[in-house]
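Chemist: build the 3D model from these lines:
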Amino acid sequence: MAATSWFRRNQKKLLGVLVVFLMLIWGIGPAAEYIIPKPGVGEILGQKITQDQFSNTATRWSRIFFRDSKEPVAQQVWRQMALIGQAENMGIVITKDELAQEIRNFFPVDPRIFEDKEGFRRLIGNVFHLTEPQFEQTIKEYLLSRKLQYLLKSSVKVTRNEAFQRYIKENEQVKIKYAALSARNFIRRVEIKEDEIKSFYDKYKENYPDVAEGIWGYKEPEKVKVEYIIAKSDEVEKQINITDEEMRKYYEEKKALMFKKESVEKPDETSVSEFKPYDEVKTQIKNNMLLRERETMLNKRIADVDNDIYENIDKEGFISFAKLAEKYGLSHVVATNRNNGTNYFTKEELREVFIDLPQFPQQVFEREVNDPSTPISSAEGKLIFRVIEKVEPLIPPYKVIHDKVAEDLRYEKAFEETEEFAKKCLEKVNQTSFEEGIKFIENETGKLAIVETKYVCRPGIFGEGDDTEVLEPEKAKIAETAFGLKVGTSAIAVENRGEKTCYVITLADRKRVDPKEFEEKKDEIMQQYLMEKQFAFSTEWESWIGTKTQLGKSKS
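Modeler: Coordinates of the predicted model:
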């Protein structure tokens, strides 16, 4: 809380700087979120980035490319700056002709607009709130990052053999027989002793449990209790009334930019601008105005709350979110965990509170107790949150969770017994037949159903046709193991995650790929694989570049 409280206490000293900064970004667009790093902090490829450099780039790119972005603008701008820096390091250049052509592509209107230089400058100022040099610099940066990405993609190749091997993997299918031995069915057979239970607890008590990954554990993760004040979008929208007069005024002001019809200019004829009729674009206008008015009202209401918090930050006692919400007619929520009905959340559980804010859990857990956040946006509205309480990670005492540990141990030992029966079954199958092997252990396991699939693809690949079956994700081990077998041979597939199960399987048939089919569609297939490989390479490369940047940190 120390850093945030200091900032709030000293806001008036920083007001002049803040006003200038806000003037720069005001009007960028209500949907954009600006999370700007602290002054003089940040590195890209070993080069220190100043606050002025970042703010300048953020302003220009936001006004042209990120006007309606749902992702925090700072992250997008930082990524672009990293790409631009790498492009310059590699010696990539943009010619005057390339820049001029891209600017012409950016304005697919009457080419005579570029002849009126003063008019063109006014157009850039009206549309983007930028000067002509600022606009040109941003387009040049855009071309640099795009040319870099093109060069990277063009360096990726796909050979015929590589494509054919992948084609085989995606199209080869197998038919399987299997019987499932579930650990749950063996639990009643298992006996455990007190010293085994205590030993099991001691072995896994430091682990965080993960059933999906088959990891035993009893340590409870850090939890938080959080509340927030929210100006809800749907409630604000009900209070907005947009008149026909206001919409007509909007139409007249914007029609030259937004509602101009595309026209084909005929030789020797004077070009006359035509616009879409008002009635045709009335709904679009209303939606645009509604969005703008709603965002304005939401920002105003949550800003009033934020100002109130700022004015009272140094007073004794904690600021009551409930009273603030009542004062400003907003909603006050103490978040409830849907999983257990309490008000405490792990970081993973907190993702369910605002699904459209993947960064929300991290923001909450980094916040100190009773330190109000700055306003943030979600699809639900504008909000300010506060952490009421934090519960440190803890290991419950053995006596408290004794029964739970005993249950887990019994299940684990049942799974070990399941594996032993599967091995006995496989041994008999290899000596006789699949059916005989299953019957061999039924006296001890009970009746086991033999399942015969249709043709199935490798896990993660979906085949087509009436004779094709898609196995459930929890049975992926069956297909994964089967593709490594020869027809008529058997094996054990062990699923030790989730519902622990052993499968005794045999490969009944394999539908191989006809090389002629590949050759007939080779060009199309290789082009598809190439695009996918290029995308994967670019994503991985950009991730690598991300490791060479530090937003908010600097060595110097």
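Chemist: would you agree residue 419 is in contact with residue 503?
Modeler: No: when contacts are counted by C-beta atoms under 8 Å, residue 419 is not listed as touching residue 503 (11.2 Å). The way it works is simple: take the backbone N, C-alpha and C, and place the C-beta from them, glycine included.
Chemist: compare the two (neighbour count), which wins?
Modeler: Neighbour count, other C-beta atoms under 10 Å: between residue 419 and residue 503, residue 503 has more, with 22 against 16.
Chemist: overlap in contacts, residue 419 and residue 503.
Modeler: 492, 494 (C-beta atoms under 8 Å, 6 or more residues apart in numbering).
Chemist: distance of residue 191 from residue 395?
Modeler: 27 Å (C-beta to C-beta, to the nearest Å).
Chemist: those two: which has the busier surroundings?
Modeler: More neighbours surround residue 395 than the other of residue 191 and residue 395, with 15 against 7 (other C-beta under 10 Å).
Chemist: now do the contacts for the more buried one.
Modeler: Here residue 395 is in contact with 205-206, 218-220 (criterion: C-beta under 8 Å, 6+ apart).
Chemist: let's see it at 10 Å
Modeler: Applying C-beta atoms under 10 Å, 6 or more residues apart in numbering to residue 395 gives the contacts 201, 205-207, 217-220, 401.
Chemist: please convert the buried members of those into PyMOL selection syntax.
Modeler: Buried members of the contacts of residue 395, defined by 16 or more other C-beta atoms under 10 Å, are picked up in PyMOL with:
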select buried, resi 201+205+217+218+220+401
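Chemist: helices - which of the contacts of residue 395 land there?
Modeler: residue 201 (DSSP state H).
Chemist: which of the residues in the strand or helix carrying residue 137 are buried?
Modeler: Using DSSP states H and E, residue 137 maps to helix 132-154. Judged by neighbour count (16+ other C-beta under 10 Å), helix 132-154 contains these buried residues: 134-145, 147-149, 152-153.
Chemist: count the neighbours of residue 526 for me.
Modeler: Residues near residue 526, counting by other C-beta under 10 Å: 20.
Chemist: the strand or helix carrying it: which residues count as buried?
Modeler: Taking DSSP H and E as the criterion, residue 526 maps to helix 522-547. Buried residues in helix 522-547, counting neighbours by 16+ other C-beta under 10 Å, are found at 525-526, 529-530, 533-534, 541, 545.
Chemist: check what pLDDT the residue lying closest to residue 60 once chain neighbours are set aside gets.
Modeler: Among residues not flanking residue 60 along the chain, residue 138 sits closest, at 4.4 Å (C-beta to C-beta, 6 or more residues apart in numbering). Looking at residue 138, its pLDDT is 91.
Chemist: what residues are up against residue 138?
Modeler: 56-57, 59-65, 80, 128, 130.
Chemist: quick one: residue 192 from residue 496, how far?
Modeler: Distance, residue 192 to residue 496, by C-beta to C-beta: 19 Å.
Chemist: whoops, residue 297 was the one
Modeler: 54 Å.
Chemist: compare those two (neighbour count), which wins?
Modeler: Set side by side, residue 297 and residue 496 show more neighbours around residue 297, with 18 against 15, by other C-beta under 10 Å.
Chemist: only the buried residues of the helix or strand harbouring that one, if you could.
Modeler: Taking DSSP H and E as the criterion, residue 297 maps to helix 278-312. The neighbour-count check on helix 278-312 (16+ other C-beta under 10 Å) flags 278, 281, 285, 288-289, 293-295, 297-298, 301-302, 305-306, 309 as buried.
Chemist: which secondary structure state does the spatially most central residue of the chain sit in?
Modeler: Against the mean C-alpha coordinate of the chain, by C-alpha atoms, centre = their mean, the closest residue is residue 358 at 6.7 Å. With DSSP: H, G, I helix; E, B strand; the rest coil as the basis, residue 358 sits in coil.
Chemist: now it: how far from residue 351?
Modeler: 7 Å.
Chemist: looks to me like residue 455 is in a strand.
Modeler: Yes: with three-state DSSP as the criterion, residue 455 is located in a strand.
Chemist: who's it bridged to?
Modeler: residue 175, residue 468 (DSSP bridges).
Chemist: in terms of pLDDT, where does it sit?
Modeler: On the pLDDT scale, residue 455 gets 93.
Chemist: does it really touch residue 471, like I thought?
Modeler: No: in this structure, residue 455 is not within contact of residue 471 by C-beta atoms under 10 Å, at 11.1 Å.
Chemist: out of the contacts of residue 138, which comes closest to residue 245?
Modeler: residue 128 (28.5 Å; C-beta to C-beta).
Chemist: where's the residue lying closest to the closest one once chain neighbours are set aside, which helix or strand?
Modeler: Spatially, and ignoring its direct neighbours in sequence, residue 128 is nearest to residue 63 (4.7 Å; C-beta to C-beta, 6+ apart). Assessed by DSSP H and E, residue 63 sits inside helix 51-64.
Chemist: give the buried residues for whatever helix or strand comes next after that helix.
Modeler: Using DSSP H and E, the helix or strand that directly follows helix 51-64 along the chain is helix 73-89. Neighbour-count burial for helix 73-89 flags 73-74, 76-87 (criterion: 16+ other C-beta under 10 Å).
Chemist: what's near enough to touch residue 446?
Modeler: Residue 446 neighbours (C-beta under 10 Å, 6+ apart): 181, 185-186.
Chemist: what about it, distance to residue 149?
Modeler: Taking C-beta to C-beta, one finds residue 446 at 60 Å from residue 149.
Chemist: low-confidence bits of the chain, can you list those?
Modeler: Counting by pLDDT under 70, the ranges of the chain that qualify are 1-41, 69-71, 108-111, 262-273, 314, 316-317, 463, 465, 551-556.
Chemist: please enumerate the strands of it.
Modeler: Ranges of strands in the chain, per DSSP state E, are 43-44, 47-48, 173-182, 223-232, 331-334, 376-378, 381-391, 451-456, 468-469, 490-495, 501-511, 549-550.
Chemist: just send these back as TSV, with distance to residue 437 too.
Modeler: Shown next, in TSV, are the strands of the chain (distance: least, C-beta to C-beta, whole Å):
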stretch	distance to residue 437
strand 43-44	62
strand 47-48	66
strand 173-182	9
strand 223-232	49
strand 331-334	58
strand 376-378	57
strand 381-391	52
strand 451-456	15
strand 468-469	23
strand 490-495	8
strand 501-511	7
strand 549-550	58
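Chemist: thought residue 189 was touching residue 416?
Modeler: No: using C-beta under 10 Å, residue 189 is not in contact with residue 416; the gap is 11.3 Å.
Chemist: which neighbours do residue 455 and residue 471 share?
Modeler: Counting by C-beta under 10 Å, 6+ apart, the residues touching both residue 455 and residue 471 are residue 176.
Chemist: circling back to that earlier point, using a markdown table, lay out the contacts of residue 395 together with distance to residue 173.
Modeler: Output for these, formatted as a markdown table (distance: C-beta to C-beta, whole Å):
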| residue | distance to residue 173 |
| --- | --- |
| 201 | 46 |
| 205 | 46 |
| 206 | 45 |
| 207 | 39 |
| 217 | 39 |
| 218 | 43 |
| 219 | 44 |
| 220 | 45 |
| 401 | 46 |
